[in-house]
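Peer 1: sequence and predicted structure below; questions after.
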Amino acid sequence: MSDYSKTMASPISESSDHHLPSAAGSESVPASGEGCPTPLAWKQVRTEFLTQSEEFSFSESGLTLSGRILGEGTPLYFLNGISASSTLFCLTAWLLRDEFRCVILDYPPEARNLDQLAQSLDLVATQLGDQQFDLYATSFGTAVALRAMQTSPQKIRQAILQGPLISMKFSVAERLALGTLGWLPGRINRLPFRKTVLENNHARWFPPFDITRWKFLLHETGDVPTRDVARRAGMLPGLNLTGTLPEIKTPTLVISSEGEAARHRESAKVLAEYLPNSTLEEISNSGHVPFVTHPHRLVKMIRPFLHPDQHASSCTTT
């Protein structure tokens with residue numbers, strides 16, 4: 001073990017935890033168990049998340065492991081998409097922080113395959129003293145999660161897989177493009193047509209009351225080195241996890257969104273069919289990033305699944 005460091009931000013008063021302004025004004029965010037809350041003001045939540053969360057970084061087994069921790073309670077680990085920072089989960093983690101210790105990982109840039117990314121979960125859990133933890137993963141992260149559920153089943157108590165990805169076939173042209181991507185300098189936000197592609201796939205599902213939240217997604221998914229994204233994308237050609245799914249016994253909630261691409265919706269159906277202990281739920285009127293666009297609705301799926309004895313059905317909102 002080497003190069004381990006942690007920094008803890010100074011806490012703010014309890015009264016400020018539940019009085020962040022809504023996107024439309026200075027309305028309060030009700031505590032858990034109250035009526036439908038007003039939309040989160042993402043800018044202030046992001047600021048408080050960065051202030052209150054604990055940042056960690058250490059090196060182990062040739063991997064640089066880093067991320068943020070927010071909250072208290074049952075450990076809940078987060079795995080992101082192929083191009084994003086840990087801050088992208090700040091809205092959802094903020095809503096869960098009173099019930100879960102949210103551990104949001106950044107992918108180690110040295111990882112060369114899904115096995116090493118899955119190993120990073122185990123290494124972080126060992127460092128933090130978590131013998132077991134719950135897991136939330138989205139998109140590319142679901143492939144990492146499924147690999148971890150195979151290799152370390154005793155570690156993962158329950159899993160939530162949102163917008164899953166279990167198979168991928170690339171054409172020769174796409175493989176060549178991936179090879180080129182790995183040589184490009186700078187960050188992924190410099191790629192031509194990136195913004196246009198994201199707008200076509202995701203923009204329509206963002207809440208109309210706060211158009212700036214779209215800029216939040218663009219920034220957090222673009223501020224990642226291009227070579228790191230290319231390295232992760234290079235793990236996907238030929239991916240097909242279907243045959244190993246019946247071996248995974250971990251209780252799993254599979255979440256599919258109305259506005260997701262066909263490959264993600266099809267993967268969700270396959271997971272629900274082949275995972276022995278799985279449940280499939282859909283978020284209507286939402287796209288591929290409900291943890292950004294509709295965090296309250298997502299949380300009201302997460303809480304009853306992970307802690308069924310503590311939560312009854314409740315209303316949904318953005």
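Peer 2: That came through fine.
Peer 1: just confirm residue 300 is within a strand.
Peer 2: No - counting by DSSP: H, G, I helix; E, B strand; the rest coil, residue 300 is not part of a strand but helix.
Peer 1: and residue 94, which helix or strand is it part of?
Peer 2: Taking DSSP states H and E as the criterion, residue 94 maps to helix 90-96.
Peer 1: do you know the pLDDT at residue 163?
Peer 2: For residue 163, the pLDDT comes out at 95.
Peer 1: before we move on, what about residue 198?
Peer 2: Residue 198 is given a pLDDT of 87.
Peer 1: next structured bit after the helix or strand bottoming out on mean pLDDT in the chain?
Peer 2: Every helix and strand of the chain was ranked by mean pLDDT, DSSP states H and E. The lowest is helix 14-17, at a mean of 34. For helix 14-17, the following helix or strand on the C-terminal side (DSSP H and E) is helix 42-52.
Peer 1: from the contact counts, what lies against that next one?
Peer 2: Counting contacts by 3 or more Cβ pairs under 8 Å, 6 or more residues apart in numbering; DSSP states H and E, helix 42-52 packs against strand 63-70, helix 90-96, helix 212-222. Any C-beta I mention is one placed from the backbone N, CA and C, and that applies to glycine too.
Peer 1: of the ones you listed, which is nearest residue 309?
Peer 2: helix 90-96 (16.8 Å; Cβ to Cβ).
Peer 1: helix/strand/coil for residue 55?
Peer 2: Relying on three-state DSSP, one would call residue 55 strand.
Peer 1: and the helices in the stretch 101-250 of the chain, which stretches?
Peer 2: Secondary structure of the stretch 101-250 of the chain by DSSP state H, counting those that start in this stretch: the helices cover 114-128, 140-151, 172-181, 194-202, 212-222, 226-233.
Peer 1: pull the distance from the shortest one to the chain's centre.
Peer 2: Centroid separation for helix 226-233 versus its chain: 17 Å, with Cα atoms, centre = their mean, to the nearest Å.
Peer 1: ok and it relative to helix 140-151, angle-wise?
Peer 2: Relative orientation of helix 226-233 versus helix 140-151 (axes from the mean of the first three to the mean of the last three Cα atoms, to 10 degrees): 50 degrees.
Peer 1: what pairs with whichever helix or strand comes after helix 226-233, parallel or antiparallel?
Peer 2: Remark: after helix 226-233, the chain's next helix or strand is strand 252-257, criterion DSSP H and E. Within its sheet, strand 252-257 is paired with strand 156-162 (parallel), strand 278-283 (parallel), according to DSSP bridges.
Peer 1: quick one on the thing from earlier: and the helices and strands packed on helix 42-52 as CSV, adding mean neighbour count and mean pLDDT?
Peer 2: Putting the helices and strands packed on helix 42-52 into CSV (neighbours: other Cβ atoms under 10 Å; pLDDT from 0 to 100) gives the following:
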stretch, mean neighbour count, mean pLDDT
strand 63-70, 21, 97
helix 90-96, 27, 97
helix 212-222, 17, 91
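Peer 1: can you say which of the ones you listed is nearest to residue 152?
Peer 2: strand 63-70 (15.2 Å).
Peer 1: for the closest one, list the C-alpha coordinates in CSV.
Peer 2: Provided in CSV are the C-alpha atoms of strand 63-70 (Å, rounded to 0.1, in the frame of the first residue of the first chain):
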residue,chain,number,x,y,z
LEU,A,63,-3.9,1.2,-10.1
THR,A,64,-4.6,4.8,-9.0
LEU,A,65,-7.9,4.6,-7.0
SER,A,66,-9.7,7.8,-6.3
GLY,A,67,-13.2,9.2,-5.7
ARG,A,68,-15.5,10.9,-3.2
ILE,A,69,-17.5,9.8,-0.1
LEU,A,70,-20.6,11.5,1.1
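Peer 1: contacting residues for the closest residue to residue 79 other than its chain neighbours?
Peer 2: Nearest non-adjacent residue to residue 79, counting by Cβ to Cβ, 6 or more residues apart in numbering: residue 141, 3.1 Å away. Residue 141 makes contact with 78, 79, 80, 81 under the criterion Cβ atoms under 8 Å, 6 or more residues apart in numbering.
Peer 1: tell me the one of those residues nearest residue 155?
Peer 2: Of all the contacts of residue 141, residue 79 has the smallest distance to residue 155: 13.4 Å, by Cβ to Cβ.
Peer 1: is it true that the closest one touches residue 144?
Peer 2: Yes - judged on Cβ atoms under 8 Å, residue 79 makes contact with residue 144 at a distance of 5.4 Å.
Peer 1: touching both of those two, which residues are there?
Peer 2: By Cβ under 8 Å, 6+ apart, the residues touching both residue 79 and residue 144 are 121, 137.
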